[in-house]
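**Q** Dropping a prediction and its sequence here:
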Amino acid sequence: TQLLEQSPQFLSIQEGENLTVYCNSSSVFSSLQWYRQEPGEGPVLLVTVVTGGEVKKLKRLTFQFGDARKDSSLHITAAQPGDTGLYLCAGIHNFNKFYFGSGTKLNVKP
Amino acid sequence: EAGVAQSPRYKIIEKRQSVAFWCNPISGHATLYWYQQILGQGPKLLIQFQNNGVVDDSQLPKDRFSAERLKGVDSTLKIQPAKLEDSAVYLCASRRLRGRTTGELFFGEGSRLTVL
């Protein structure tokens, strides 16, 4: 069983649409990260959120850490085909134990 | 700066055979992780090293999996004997020690294992 559950599991949308991915847990984390993974490659870090309620923006991507530091969301505005990939949240305990979510596979069609 | 190196990239074996994967982390990264990623799922932590000591191996199936990190640099993950359900990508990641800040995991490209 995964410590973190992500939803939806799969998402197929048209270019230009908006989307939100959710990452939920019953555990409290010292911080949370989001990674993106492309086929045949390892995950690559997108962002780290540390403070409950924190919101970070990275161009068209907006990340939010829940107030209780148990959940997070990733919102993409005007999705592009280059956003296609597997999005993974990772909850961190004690700053060095990384637990990954179940993943959300995003496909953005041109 | 060179990234995390893993080999082999692909391996196909019969069930009950053995296999070994190798990982060379980024220079200076004290912490090394092995993850198992089944197709379409998130990575599952198998073992975590800090230098050459084991920090967490609670999810490592110790009856068939073993890992070592001699001299606190590169690491080897072994499976013996392999089962069909071991078919997965084995990811190695490393991280620089940063005290009470999170830091970033740097991943290799992974070793894809198929057990027939």
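**A** Happy to help now that I have it.
**Q** Look up the closest residue to the residue most central in space within chain B, ignoring the ones flanking it.
**A** Nearest to the geometric centre of chain B sits B:W34, at 2.6 Å (CA atoms, centre = their mean). Spatially, and ignoring its direct neighbours in sequence, B:W34 is nearest to B:L46 (4.5 Å; CB to CB, 6 or more residues apart in numbering or on different chains). The C-beta positions use only the backbone N, C-alpha and C, and glycine is treated the same way.
**Q** Settle this for me: A:E41 is touching B:E109, isn't it.
**A** Yes. Using CB atoms under 8 Å, A:E41 is in contact with B:E109, at 5.7 Å.
**Q** List the contacts of the residue nearest to B:W34.
**A** B:W34, B:Y35, B:Q36, B:D57, B:Q59, B:L60, B:F65, B:A67, B:L77, B:Y90 (CB atoms under 8 Å, 6 or more residues apart in numbering or on different chains).
**Q** now swap in B:E104 and tell me
**A** Per CB under 8 Å, 6+ apart, neighbours of B:E104: A:Q33, A:L45, A:T48, B:R95.
**Q** cutoff 10 Å now
**A** A:Q33, A:Y35, A:V44, A:L45, A:T48, A:F98, B:A93, B:S94, B:R95, B:R96, B:R98 (CB atoms under 10 Å, 6 or more residues apart in numbering or on different chains).
**Q** What subset of those residues is buried?
**A** The neighbour-count test (16 or more other CB atoms under 10 Å in any protein chain shown) marks A:Q33, A:Y35, A:L45, A:T48, A:F98, B:A93, B:S94, B:R95 as buried among the contacts of B:E104.
**Q** among those, which are in strands?
**A** When those are checked against strands (DSSP state E), the matches are A:Q33, A:Y35, A:L45, A:T48, A:F98, B:A93, B:S94, B:R95.
**Q** Let me see the confidence value for the residue of chain A found nearest chain B.
**A** The nearest approach of chain A to chain B comes at A:G42, 2.6 Å away (CB to the nearest CB). Listed pLDDT for A:G42 reads 95.
**Q** partners of the closest residue to it other than its chain neighbours in the sheet?
**A** In space, and not counting its chain neighbours, A:G42 is closest to B:F107: 2.6 Å by CB to CB, 6+ apart. Counting by DSSP bridges, B:F107 is bridged to B:A93.
**Q** Out of the ones in strands among the buried ones among the contacts of B:E104, the closest to A:A79 would be?
**A** Taking CB to CB as the measure, A:A79 lies nearest A:Y35 of these, at 17.6 Å.
**Q** close enough to count as contact, that closest one and A:F63?
**A** No. The criterion here is CB atoms under 10 Å, and A:Y35 misses it with A:F63 at 11.6 Å.
**Q** Next, show the common contact partners of those two.
**A** A:L46, A:V47, A:C89.
**Q** Go through these and single out the one with the most neighbours.
**A** Neighbours here mean other CB atoms under 10 Å in any protein chain shown. Within the shared contacts of A:Y35 and A:F63, the largest count is held by A:C89, at 31 neighbours.
**Q** host element of that residue?
**A** According to DSSP states H and E, A:C89 maps onto strand A:85-93.
**Q** Report pLDDT for residue 57.
**A** Since you didn't name a chain, this refers to chain A. We have a pLDDT of 97 for A:K57.
**Q** I was after chain B.
**A** On the pLDDT scale, B:D57 gets 95.
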